[in-house]
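[1] Model the structure of this input:
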Amino acid sequence: MSFQRSSFVRRTAAACLLLVLPLHAALGAKPPELVVLPASARVGVLNLLDAEVTHFHAARRVQDSALKTEPVGWSVPAMLLETLRAPLTKLGYTPVPLSPDAALLRAREPCFLDANLQKALSRECAATYGQLLSSEHLAALIVLGPGLNDSTHAQGTRRKDLPEYLRGWCVISGLEGAGAPLLLNLSELLLVRAGEKGAELSARAWGGAYAQSWTEYRAPPDARALPAGAAEQLQPLFAGLLQRQSDGLLVHLGPAH
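    Numbering: from 1, shown residues only. Now for the predicted structure:
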């Protein structure tokens with residue numbers, strides 16, 4: 001076999017090998033570390049995100065921009081449970097819906113908005129989650145809370161054209177070149193596990209990685225306000241964003257053993 005033909009065969013074989021390798025191996029990235037729990041383990045599902053939507057209208061002149069947060073009549077705990085119930089059950093776990101007590105509601109600021117969730121839980125947050133894990137006999141906890149459009153939460157997905165103080169579920173209108181308002185899910189979804197030394201943060205899914213346009217939007221007379229019936233149109237759209245976020249978290253949870 002000639003040198004040129006031999007070289008061509010080696011290059012072709014290498015290319016074929018690359019095609020059959022898992023994507024994470026081909027790109028040199030590590031696969032997600034899996035959390036595996038005992039069969040039928042209880043996994044708590046907890047919501048700390050307010051049922052509200054923040055509407056930010058961007059304008060060329062800062063004084064023409066507008067910000068307003070409006071409550072919506074959605075059951076966010078039910079929306080969260082809906083995204084998690086079937087996949088958790090399929091993995092062999094028992095989803096347990098939870099309601100936050102006063103301590104957990106107070107933890108929303110230090111354990112979400114003020115926290116760097118790329119790192120381990122603070123001692124105070126670990127203690128708060130640990131108490132819940134113990135009292136409810138949970139093997140793990142999935143909790144949804146607010147995040148911010150800043151470098152601590154969003155990292156590379158931070159929208160530099162928008163204020164850093166935006167948090168939670170947001171509707172962004174008035175963006176230059178945008179045909180419809182943008183929906184942003186600035187929230188954090190955490191997987192907290194009961195470890196040997198207490199509660200441990202095992203995985204997170206940043207909702208800001210998922211966004212979409214509000215294609216059914218019809219501009220009202222005042223563009224700085226949401227149109228009538230906005231809540232009914234937005235609920236399934238944000239439910240879809242939450243589903244994508246939940247799917248992104250659950251890749252870190254393996255089947256029960």
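[2] in the longest strand seen in the chain, what's buried?
    Longest among the strand segments of the chain by residue count, using DSSP state E, is strand 182-195. By neighbour count on 16 or more other CB atoms under 10 Å, the buried set for strand 182-195 is 182-194. (Glycine included, C-beta is placed from N, CA and C.)
[3] so how far is Leu37 from the spatially most central residue of the chain?
    Closest residue to the average C-alpha location of the chain: Gly207 at 3.1 Å, with CA atoms, centre = their mean. Separation of Gly207 from Leu37 (CB to CB, to the nearest Å): 24 Å.
[4] Quick one: mean pLDDT over the lengthiest helix in the chain.
    The longest helix of the chain (DSSP state H) is helix 230-250. Mean pLDDT, helix 230-250: 97.
[5] same check, this time on stretch 137-154
    The pLDDT scores in stretch 137-154 average 97.
[6] what about that stretch, how long is it end to end?
    By CA to CA, to the nearest Å, the extent of stretch 137-154 from end to end equals 32 Å.
[7] Can you mark which positions in stretch 151-160 are buried?
    Across stretch 151-160, burial judged by 16+ other CB under 10 Å covers 152-154, 158-159.
[8] Any idea what Trp169 is bridged to?
    Asn185 (DSSP bridges).
[9] likewise Val45?
    Beta-bridge partners of Val45, counted by DSSP bridges, are Pro97, Ile142.
[10] per-domain residue ranges of the protein.
    Here the domain parsing of the chain from automatic domain parsing is 1-31, 33-250.
[11] Check these for me: which has the lowest mean pLDDT.
    domain 1-31 has the lowest average pLDDT among the domains of the chain, namely a mean of 41.
[12] Show me where the stretch 51-200 of the chain has its helices.
    76-91, 102-106, 108, 123-135, 151-154 (DSSP state H, counting those that start in this stretch).
[13] List the buried residues of the first one.
    The one in question is helix 76-91. Judged by neighbour count using 16+ other CB under 10 Å, the buried positions of helix 76-91 are 76-77, 79-81, 83-84, 87-88, 91.
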